[in-house]
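Undergrad: What follows is a predicted protein model with its sequence.
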Amino acid sequence: QVQLVESGGGLVQAGDSLRLSCAASGRTFSRYAMGWFRQAPGKEREFVAAINWSGGSTYYADSVKGRFTISRDNAKRMVYVQMNSLKPEDTAVYYCAATLVWIVGGTPESHYDYWGQGTQVTVSS
């Protein structure tokens, strides 16, 4: 079992940067692919970025490609997403999630087994 705790959210202005962190418990963390998702008010949760177990493969939603970078440190059981050039439309609660399933091109959200509680990111214009 994996427990996930996100941190690093906050209120920023458009164009600013934030780095979100996700701390994982459990000795099997390095077996899991990790993803970041977000949910804006009144909208469905959507995929943001994912990284495979080794960190050697990543993919991103088109809306964040070139602005966000996902990374992980298996020794520290941490996953990060560096968010640059933030836009008001990036405002959402951000969640990290873990899955044993890695599908090239995108693992469906339904395959993620463990979720954090989320951290709020608000980008003002």
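TA: Yep, it's here.
Undergrad: Where does the nearest residue to residue 35 once chain neighbours are set aside fall, secondary structure wise?
TA: Here the nearest residue to residue 35 in space, its sequence neighbours aside, is residue 50; by CB to CB, 6 or more residues apart in numbering that works out to 4.0 Å. Heads up, the C-betas are built off the backbone N, CA and C, glycines and all. According to DSSP states H and E, residue 50 maps onto strand 46-51.
Undergrad: Could you do residue 79 as well?
TA: strand 78-83.
Undergrad: that older thread, what about the residue nearest to residue 35, distance to residue 40?
TA: Counting by CB to CB, to the nearest Å, the gap from residue 50 to residue 40 is 19 Å.
Undergrad: more crowded one of these two?
TA: residue 50 (24 against 14; other CB atoms under 10 Å).
Undergrad: Pull the contacting residues for the residue nearest in space to the middle of the chain.
TA: Closest to where the C-alpha atoms of the chain average out (CA atoms, centre = their mean) is residue 36, at 2.1 Å. With contacts defined as CB atoms under 8 Å, 6 or more residues apart in numbering, the neighbours of residue 36 are 20, 22, 48, 49, 50, 70, 79, 81, 94, 95, 96, 97.
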